[in-house]
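pasting the sequence and the predicted model now:
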Amino acid sequence: MQNITILGATGSIGQNTLAVLRQHPDRYRVFALTAHRQKDKLREQCREFKPEYAALDDAADAATLRDELREIGIKTEVLYGADALSEVAAASETDIVMAAIVGAAGLSPTYAAAKAGKKILLANKEVLVMAGALFIQTAKEHDAKILPVDSEHNAIFQALPLDFSGNLAAAGVRKLWLTASGGPFLDLPLAELAKVTPEQAIKHPNWTMGKKISVDSASMMNKGLEVIEAHWLFNAPPEQIGVVVHPQSIVHSLVEYLDGSLIAQLGAPDMRIPIAHALAWPSRMESGAARLDLSSLSKLSFTTPDLARFPCLGLAYDALKAGGIAPTVLNAANEVAAAAFLENRISFPDIAKLVAKTLDYFPIMPADTLEAVLHADRQAREKALSIIA
Ligand code: NAD
Ligand code: MG
């Protein structure tokens, strides 16, 4: 029996994780569930999974949840505030941490899990984008295992040798290929991009996800963040990471070997598959996802991404090559931009412009301590907000 803490339990990945765990009550026990503001959803999750701890951001919300749980006879202890997330992530009872908070807010608790040597199921890609070097180094020092949940990285992880330890050359790998759906605006005439609405942007053709990652998918910043994520997870230089547009989202990514072999992982676009894989690794278990019916797949297509349509992808490669705090700044500016777009304060093409302007403003400094990363994150947010104003 393994104890699991889910950071961001009420989100899309959090709920999919609980859907997998629901099928395996004999293997996993939910130790802690955290949410930002969704108190009612968290209460229902506590009612079903009866964790030891639940955590919310706000003290008053936590007090209300405490009362509500007591009324229905649930003994879950309710904590609040940012430090509570790190506490439950690093608690000695926790064996596995599902890192499923969206954005920079997940960095500190996921870092705490790494320092405590936990098995980390990583969905929160922004952690690696902001602080990849530091996070990977810390995980190594404390013997924490990082298992990728992002579908592309989980696919690559599955397509690499089981004993892969970070040496692509030794594994005979020529290139990692990330597939990208292209999002809802893949074929929209370029001139119309300036008029797209948040509602159109978050309507992803293949996946149901949180709002921020849906906007990132539409701008292809999501793929840019994933290039940086792949760099840190697999120790791959930028030139060994390729992106290919595959609108069907059936091939989740590929590894190209020196002999010309391409090993891919295929499956229905359902996050329960990579979640179940990471949970059960190195064995396998049921995920509850629909089976892929090969005979119903009439067409799988692959094309090169158009960087004029998706400038965010180019910006992410540039930030990765620049190194230091550049990816931290990219991520912070993008979080501000995505939020501003969702609030109708900037246009869709402004997202890339804002990220580029913010990146231009900051000299490249090292990102070698958590403080340096958090400082760069704060400054980049302030700058991006001031550019919008
Ligand atoms: P979501 O918006 O649906 O959920 C986010 C979760 O984080 C919620 O539980 C929310 O309460 C919590 N949260 C938000 N802000 C917080 C804060 N300031 N402090 C503490 N908790 C906070 O997002 P999602 O789609 O589940 O994505 C989560 C992460 O997983 C993201 O990094 C995303 O890029 C990654 N991811 C998601 C998918 C997907 O299918 N949804 C796929 C691959 C990777
Ligand atoms: Mg992905």
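Arrived safely, thanks for sending. Ligands and ions are numbered 1, 2, ... in the order given.

which parts of the stretch 151-300 of the chain sit against ligand 2?
With the criterion set to CB under 5 Å from the ion, the stretch 151-300 of the chain comes near ligand 2 through S151, E152. Just so you know, the C-beta spots here come from the backbone N, C-alpha and C atoms, and that holds for glycine as well.

try it again at 6 Å.
Residues of the stretch 151-300 of the chain lying close to ligand 2 by CB under 6 Å from the ion are S151, E152, E226.

where does the stretch 1-150 of the chain get nearest to ligand 2, which residue?
Distances from the stretch 1-150 of the chain to ligand 2, computed as CB to the ion, single out D150 as the nearest residue at 4.2 Å.

the stretch 201-350 of the chain too?
For the stretch 201-350 of the chain and ligand 2, the shortest gap (CB to the ion) falls at E226, measuring 5.5 Å.

number of residues surrounding that residue?
29 (other CB atoms under 10 Å).

could I get the residues of the stretch 151-300 of the chain next to ligand 2 as JSON lines with secondary structure, distance to A100 and pLDDT?
Shown next, in JSON lines, are these (DSSP: H, G, I helix; E, B strand; the rest coil; distance: CB to CB, whole Å; pLDDT from 0 to 100):
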{"residue": "S151", "secondary structure": "helix", "distance to A100": "13", "pLDDT": "98"}
{"residue": "E152", "secondary structure": "helix", "distance to A100": "16", "pLDDT": "98"}
{"residue": "E226", "secondary structure": "helix", "distance to A100": "16", "pLDDT": "98"}
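
for I6, state which of the residues you listed is nearest.
For I6, the nearest member of these is S151. The distance, counting by CB to CB, is 18.1 Å.

contact partners for the closest one?
Contacts for S151 (CB atoms under 8 Å, 6 or more residues apart in numbering) come out as H252, S253, P269, M271, I273, P274.

try 10 Å
Applying CB atoms under 10 Å, 6 or more residues apart in numbering, one finds that S151 lies in contact with 123, 178-179, 207, 226, 249, 252-253, 265, 267, 269-271, 273-275, 277.

before we move on, what SS does A55 have?
For A55, the reduced secondary structure class is strand; criterion used: DSSP: H, G, I helix; E, B strand; the rest coil.

could I get the contacting residues of the residue of the stretch 201-350 of the chain closest to ligand 2?
Applying CB under 10 Å, 6+ apart as the definition, the contact partners of E226 turn out to be 125, 128-129, 148, 150-153, 178-180, 216, 220, 233, 241, 243, 253, 313, 316.

if we check ligand 1, which of the residues you listed are in contact?
With CB under 6 Å from any ligand atom as the criterion, the subset of these in contact with ligand 1 comprises K125, D150.

so which of the contacts of E226 are in strands?
Counting by DSSP state E, the part of the contacts of E226 found in strands is P148, L178, T179, A180, I241, V243, S253.

touching ligand 1 at all, the top helix by length along the chain?
Within the chain, and with DSSP state H defining each element, the longest helix by residue count is helix 370-388. No. For a cut-off given as CB under 6 Å from any ligand atom, helix 370-388 has no contacts with ligand 1; the smallest distance is 12.6 Å.

by contact count, what packs against that helix?
On a contact count with 3 or more CB pairs under 10 Å, 6 or more residues apart in numbering; DSSP states H and E, helix 370-388 meets helix 107-115, helix 126-141, helix 326-342, helix 348-361.

dump those helices into a markdown table; add mean pLDDT as well.
Listed next are the helices and strands packed on helix 370-388 as a markdown table, based on pLDDT from 0 to 100:
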| stretch | mean pLDDT |
| --- | --- |
| helix 107-115 | 98 |
| helix 126-141 | 98 |
| helix 326-342 | 98 |
| helix 348-361 | 98 |
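
can you add mean neighbour count and distance to R174 and give the ones you listed back as CSV?
As requested, the helices and strands packed on helix 370-388 are arranged in CSV below (neighbours: other CB atoms under 10 Å; distance: least, CB to CB, whole Å):
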stretch, mean neighbour count, distance to R174
helix 107-115, 25, 30
helix 126-141, 22, 22
helix 326-342, 26, 24
helix 348-361, 19, 30
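
distance to A384 added to these, as JSON lines?
Compiled in JSON lines, the helices and strands packed on helix 370-388 are given as follows (distance: least, CB to CB, whole Å):
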{"stretch": "helix 107-115", "distance to A384": "18"}
{"stretch": "helix 126-141", "distance to A384": "14"}
{"stretch": "helix 326-342", "distance to A384": "4"}
{"stretch": "helix 348-361", "distance to A384": "5"}
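
so which residues of the stretch 1-150 of the chain form helices?
According to DSSP state H, counting those that start in this stretch, the stretch 1-150 of the chain carries its helices in the segments 12-21, 39-49, 59-71, 82-90, 107-115, 126-141.
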